[in-house]
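S.K.: got a structure for you, letters missing:
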């Protein structure tokens, strides 16, 4: 059974960074890209970018290029997203989702930016 | 960016009834490889989105045949027949053809 288990909620101060994880199981981690999606409170969905765990290659939506950094650790089958220079606009739930079709999703991580 | 316009914004339906959601893109979603990367997702309250339909009309594993997708180019439709309580939530269309990938704003399906 494919599962994407994300880390717990995060609180970050303005200007700081947070790093959240997405641990994959039930399939070969390097077979598929991992996407990340943002959902602001009460809002819709925004694609942030993807990482190919096998090669480490990445692609980002333009608005997230200076905000998000995607990495992956094949030894632990875990993908990561680091969000830097946090502002109130980064308060949101962040999902990981497998493949270009987003066929499986993590449960989401709530990131709250607060001083 | 490709704008995905979903209509209606919200929908009331009776259990057992039928309904449809429209998704229009600002550009054709036919990729140079011949595929059309248009997807439909359902986000139930308090849950992550779940894939229903991929590449316009293909039901994902385990999705009931009450859900069907159709369309081409810039106009796409999700039809839901024999609506059940588990179908309630927000439906999103999504395009993966053009960079950056973009979602529709969502259609909320509620009970009448």
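M.R.: Sure, I can see it. As the structure is a prediction and not an experimental result, all values here were calculated from the model. Numbers count the residues shown, from 1 in each chain, chains lettered A, B, ... in the order given.
S.K.: Pull up the gap between the spatially most central residue of chain B and residue A:79, please.
M.R.: By C-alpha atoms, centre = their mean, the mean C-alpha position of chain B lies nearest to residue B:40, the distance being 3.3 Å. According to C-beta to C-beta, to the nearest Å, residue B:40 stands 24 Å off from residue A:79. Any C-beta I mention is one placed from the backbone N, CA and C, and that applies to glycine too.
S.K.: so for stretch B:73-93, what's the average pLDDT?
M.R.: Mean per-residue pLDDT for stretch B:73-93: 97.
S.K.: List the buried residues in it.
M.R.: B:74, B:76-78, B:80, B:83, B:87-93 (16 or more other C-beta atoms under 10 Å in any protein chain shown).
S.K.: Straight-line length of stretch A:39-59, end to end?
M.R.: End-to-end distance of stretch A:39-59 (C-alpha to C-alpha, to the nearest Å): 19 Å.
S.K.: Quickly check: that stretch near chain B or not.
M.R.: Yes - residues of stretch A:39-59 are located near chain B by C-beta under 8 Å from any C-beta of the partner chain, namely A:44-47, A:59.
S.K.: Columns pLDDT, neighbour count and secondary structure on top of those residues, output as CSV?
M.R.: As requested, the residues of stretch A:39-59 next to chain B are exported to CSV (pLDDT from 0 to 100; neighbours: other C-beta atoms under 10 Å in any protein chain shown; DSSP: H, G, I helix; E, B strand; the rest coil):
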residue, pLDDT, neighbour count, secondary structure
A:44, 90, 17, coil
A:45, 96, 23, strand
A:46, 97, 18, strand
A:47, 97, 23, strand
A:59, 97, 17, strand
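S.K.: okay if I get those residues as TSV plus distance to residue B:97?
M.R.: Output for those, formatted as TSV (distance: C-beta to C-beta, whole Å):
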residue	distance to residue B:97
A:44	19
A:45	17
A:46	17
A:47	12
A:59	14
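S.K.: Generate TSV for the buried residues of stretch B:73-93, with secondary structure and distance to chain A as supplementary columns.
M.R.: Below are these laid out as TSV (DSSP: H, G, I helix; E, B strand; the rest coil; distance: C-beta to the nearest C-beta, whole Å):
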residue	secondary structure	distance to chain A
B:74	coil	19
B:76	strand	15
B:77	strand	19
B:78	strand	15
B:80	strand	20
B:83	coil	22
B:87	helix	18
B:88	coil	17
B:89	strand	13
B:90	strand	8
B:91	strand	11
B:92	strand	6
B:93	strand	10
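S.K.: Among the residues you listed, which one sits closest to residue B:108?
M.R.: residue B:90 (5.1 Å; C-beta to C-beta).
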